[in-house]
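J.: turn this into a model:
(3 chains)
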Amino acid sequence: MAHGHKSNEKVIYVGDSRVRKPKAVGSDTIPPDYTAFPGKSEAFIPNFLLKEWMVGCVALVGFLVLTIAEPAPLGYPADPTNAAFIPMPDWYFLFLYQFLKYPYASGNYVAFGILGVPGVAFAALLLAPFLDTGKERRFYRRPIASSLMVLSLFSLFYLTKVSWDHYEHELALTNTIPEHHLREEKAREEWEKTQANGGVPVEEAVVPIVDKDDPAMEIVKANCVACHATDLKGNEGAGVPALTGVGDVHSKEELVEIVTNGLGGGKMPAFGERLSAEEIDQLTTWLAKQKKAE
Amino acid sequence: MLKNVYNWIDERLDITPLWRDVADHEVPEHVNPAHHFSAFVYCFGGLTFFITVIQILSGMFLTMYFVPDILNAYKSVDYLQHKVAFGGIVRGMHHWGASLVLVMMFLHTLRVFFTGSYKAPREMNWVVGMLIFFVMLGLGFTGYLLPWDNKAYFATKVGMQIAEAVPIIGPYVKELLQGGDIIGAETLTRFFAIHVFFLPGALLALLGAHFIMIRRQGISGPL
Amino acid sequence: MSNHDQEKNHRPVKRNEMSRRQFLSYTLGGATAFMAAGVTLPMIRFAVDPILKKKSESTWVKVVEEAKVTNEPQEFKFNIHQIDGWYVSDPEQTAWITKDEQGNYFALSPVCKHLGCTIGWNTEKNNEYVCPCHGAHYTMDGKNLSVAPKPLDEYDLKVESGWIYLGPIKANTRV
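T.: Okay, the predicted model is just below:
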């Protein structure tokens, strides 16, 4: 973008500025307008704004396509006791999140980790004009400022990527599907059901506990409610199924098998050693009765 | 008719110079992508503002359904996203807009940095711009908690631990943000107030200052 | 008509060519409108959704045995299932149910048509519904006698195997 006027490396600020500036160009008193300079300037409205709006329209269409194609994620309700959840901050904080995992930025050094590096970096960024006071504007003639910025950019991208890779690795390791995907799937199914029902939402019938006073309830209280909840509705967010209505899903034989040997690689623990055979029999007989009322 | 109304107001308030100044100023060649395609880098500031407007509008509409309460926040977000027509789109606009506004602002900042546009006499505008950046990050952080799902809860927990680790003031900052000992009902209402009233108020004031300074100083000259 | 008039005071055809500036201004206006619409239309549809939502079909609620209803209005409570956005509840409703001379049952809403207070039967011993707030009076059929501008609303009612079922509220059909 070389221009007609003398390019003698002196910074010459031009613009239709009303800020008085030293006699760089033109008259001393009236600040020059861009019209006074070589080059094809044009009016803001309508000429220039139209061009900017064109870019805006393209951006808007792209943006709307994104919002339609990719719904905003929503997981399950916050549950402070959920130990399986892998917490992740928003992507734009990942670099900081990752940085604070490193040895000299965590533990006893966490103050240094926060104030020493990101704190100084952000303060420097905030005060950049007062640190980089030279007249030169071209980045390749400001090697210190530019290289510091490039270095920071590189570390930002690097830290973000490492953090994300680590997250993906952990997801694969624990065999977890991010819950907002599961939730989205469920919402879609529900929507389809609603459509099939002529646009009227289908209400999930609440399945009551069958035969509450059965002595097997004592075994349930002692062993099952810790995970399956006191109302036996399970915990959707943590992937614990409800016991109400379980008789519709599994037969008694299957239930005996599940209770005795567990399920899902230890997610459902094996009770074969903790409960006697009679107890398991009593329990599964009762569980098999847990069917939806007709 | 409209002209008469305009003239009537103009006679009294002399509003013409206000918008004439914005409308008629000349835009130089070096920022005009029609002349130099590389000048598209000058678009990011405008796009940031455009997406900010989308954020403000979609946020206003979302509060028609949203309740900042730990029992109902999730239910109301779930309702507006899945049961209200276009709810997914409006929430999507707000969610993705939050990311996009940061991307655009990041690119805008880099443009200003690498063209050295923050140098005298525009130092103040750079500082204001950086403050806008911090306010936007704050908006992102406080907005994340509001749906009250697991992601919101645990991400905020991480953020709080980072805040707490700041020496001396950290624990106080954390407690002030949390409004109590745990992340719970009081945190949610606080974050809501900060997200919807305090930070947007600060944002509007800073944006106003940013734009006034741009008009006073004009855009930085060509390299 | 006006076209005709213009043709009469015939003037030489003047070609109104658009200036470049005008053209740009119109295009700018169009682009602005497109962007404004693209941004706000989804939000407006989102905001007006309650108006456009399909009203859920109301269901009949079993209220009381036929035999219990007499010629004297009696107050009966029943619960309806209400879905209010994300809030699902079973609020209690009240109806005054009476059998008329022909043996037809009818149920009146206890909400006064004046300013929405709750009416009571025969509280002034004159065989009328009385509203305690501003003294509105209604007959047994719900006809407004004083103060209130309209008769009391009525519930849809049906009798099935000895039980009275109530449906949605409608305007009074008896007066």
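J.: so who does the residue in the stretch 51-200 of chain A that chain C sits nearest to touch?
T.: Taking Cβ to the nearest Cβ, chain C has its nearest neighbour within the stretch 51-200 of chain A at A:Trp53, 4.1 Å off. The C-beta positions use only the backbone N, C-alpha and C, and glycine is treated the same way. Residues near A:Trp53 by Cβ atoms under 8 Å, 6 or more residues apart in numbering or on different chains: C:28, C:31-32, C:35.
J.: so it is in which element?
T.: A:Trp53 belongs to helix A:49-69 when assigned by DSSP states H and E.
J.: would you map the strands across the chain?
T.: If you meant another chain, say so; for now it's chain A. A:42-43 (DSSP state E).
J.: let's do chain C instead
T.: Assigned by DSSP E, the strands in chain C fall at C:61-65, C:74-79, C:82-84, C:87-89, C:92-99, C:105-108, C:120-121, C:129-130, C:137-138, C:144-146, C:154-160, C:163-170.
J.: let's have these in CSV, adding mean pLDDT, mean neighbour count and distance to B:Met104.
T.: Compiled in CSV, the strands of chain C are given as follows (pLDDT from 0 to 100; neighbours: other Cβ atoms under 10 Å in any protein chain shown; distance: least, Cβ to Cβ, whole Å):
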stretch, mean pLDDT, mean neighbour count, distance to B:Met104
strand C:61-65, 85, 15, 55
strand C:74-79, 88, 14, 53
strand C:82-84, 84, 11, 39
strand C:87-89, 87, 11, 38
strand C:92-99, 88, 18, 53
strand C:105-108, 89, 22, 61
strand C:120-121, 87, 16, 64
strand C:129-130, 88, 24, 65
strand C:137-138, 88, 22, 64
strand C:144-146, 84, 15, 63
strand C:154-160, 88, 15, 57
strand C:163-170, 87, 17, 51
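J.: any idea which of the ones you listed gets closest to chain B?
T.: Ranking those by their distance to chain B (criterion: Cβ to the nearest Cβ) puts strand C:87-89 first, at 7.6 Å.
J.: so what touches that closest one?
T.: If you take Cβ under 8 Å, 6+ apart as the criterion, strand C:87-89 is touched by B:72, B:75, C:81-82.
J.: and the buried ones among those, selectable in ChimeraX?
T.: Command for ChimeraX, covering only those of the contacts of strand C:87-89 found buried under the criterion 16 or more other Cβ atoms under 10 Å in any protein chain shown:
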select /B:72,75
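J.: any idea which helix or strand comes after whichever strand or helix holds B:Ser99?
T.: Using DSSP H and E, B:Ser99 sits in helix B:87-114. Using DSSP H and E, the helix or strand that follows helix B:87-114 in sequence is helix B:123-145.
J.: and the residue of the stretch 51-200 of chain A closest to chain C, how close does it get to B:Ile56?
T.: Distance of A:Trp53 to B:Ile56, computed by Cβ to Cβ, to the nearest Å: 19 Å.
J.: residues near A:Trp164, how many?
T.: 14 (other Cβ atoms under 10 Å in any protein chain shown).
J.: tell me the contacts of the closest residue to it other than its chain neighbours?
T.: Spatially, and ignoring its direct neighbours in sequence, A:Trp164 is nearest to A:Leu94 (6.5 Å; Cβ to Cβ, 6 or more residues apart in numbering or on different chains). A:Leu94 sits next to A:88, A:159-160, A:163-164 when contact means Cβ under 8 Å, 6+ apart.
J.: turn the residues you listed into CSV, columns for pLDDT.
T.: Compiled in CSV, these are given as follows (pLDDT from 0 to 100):
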residue, pLDDT
A:Met88, 84
A:Leu159, 95
A:Thr160, 95
A:Ser163, 93
A:Trp164, 94
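J.: just the residues you listed: which are in helices?
T.: The helices, defined by DSSP state H, take in A:159-160, A:163-164 from these.
J.: now rank the residues you listed by neighbours and give me the top one.
T.: Neighbour tally across the ones in helices among the contacts of A:Leu94 (other Cβ under 10 Å): the maximum, 21 neighbours, falls on A:Ser163.
J.: surely it meets A:Tyr97?
T.: Yes. With contact defined as Cβ atoms under 8 Å, A:Ser163 reaches A:Tyr97; the gap is 5.8 Å.
J.: tell me what the closest residue to C:Ser146 other than its chain neighbours is bridged to.
T.: Leaving aside its sequence neighbours, C:Ser146 sits nearest to C:His137 (Cβ to Cβ, 6+ apart; 5.0 Å). Residues in a beta bridge with C:His137, per DSSP bridges, are C:Val130, C:Ser146.
J.: thought C:His137 was touching C:Leu145?
T.: Yes. Shown here, C:His137 and C:Leu145 form a contact pair, counting by Cβ under 8 Å, at 4.1 Å.
J.: greatest separation within the ones in helices among the contacts of A:Leu94: which pair is it?
T.: Greatest spacing in the ones in helices among the contacts of A:Leu94, by Cβ to Cβ: A:Leu159 and A:Trp164 (9.7 Å).
J.: same for the biggest helix by length in chain C, what does it pack against?
T.: Identified as the longest helix of chain C according to DSSP H is helix C:20-47. With contacts taken as 3 or more Cβ pairs under 8 Å, 6 or more residues apart in numbering or on different chains; DSSP states H and E, helix C:20-47 sits against helix A:49-69, helix B:44-62, helix B:87-114.
J.: now render these as JSON lines, adding distance to C:Glu160 and mean pLDDT.
T.: Shown next, in JSON lines, are the helices and strands packed on helix C:20-47 (distance: least, Cβ to Cβ, whole Å; pLDDT from 0 to 100):
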{"stretch": "helix A:49-69", "distance to C:Glu160": "48", "mean pLDDT": "94"}
{"stretch": "helix B:44-62", "distance to C:Glu160": "45", "mean pLDDT": "96"}
{"stretch": "helix B:87-114", "distance to C:Glu160": "39", "mean pLDDT": "96"}
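J.: tell me the residues of chain B that contact chain C?
T.: Within chain B, the residues that sit near chain C (Cβ under 8 Å from any Cβ of the partner chain) are B:50, B:53-54, B:57-58, B:61, B:64-65, B:72, B:75-76, B:78-80, B:83-87, B:89-90, B:93.
J.: buried among those? Make that a ChimeraX selection.
T.: Provided next is the ChimeraX selection string for whichever of the residues of chain B next to chain C are buried by 16+ other Cβ under 10 Å:
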select /B:50,54,57,58,61,65,72,75,76,78,79,80,83,84,86,87,89,90,93
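J.: quick one: contacts for the residue of chain C at minimum distance from chain B?
T.: Minimum separation of chain C from chain B (Cβ to the nearest Cβ) falls at C:Trp86, amounting to 3.9 Å. Going by Cβ under 8 Å, 6+ apart, C:Trp86 touches B:72, B:75-76, B:78-79.
J.: pLDDT score for the closest residue to B:Val67 other than its chain neighbours?
T.: Leaving aside its sequence neighbours, B:Val67 sits nearest to B:Ser76 (Cβ to Cβ, 6+ apart; 4.6 Å). Looking at B:Ser76, its pLDDT stands at 95.
J.: do I have it right that B:Ser76 meets B:Pro68?
T.: No. The criterion here is Cβ under 8 Å, and B:Ser76 misses it with B:Pro68 at 9.1 Å.
J.: number of residues surrounding A:Leu255?
T.: The burial count for A:Leu255: 21, using other Cβ under 10 Å.
J.: what's around the nearest residue to it once chain neighbours are set aside, how many residues?
T.: With Cβ to Cβ, 6+ apart as the criterion, A:Leu255 has its nearest non-adjacent residue at 4.1 Å, and that residue is A:Thr284. As a burial measure, A:Thr284 scores 24 neighbours (other Cβ under 10 Å).
J.: surely A:Thr284 touches A:Lys252?
T.: Yes. Using Cβ under 8 Å, A:Thr284 is in contact with A:Lys252, at 5.4 Å.
J.: kind regards, and thank you for your time.
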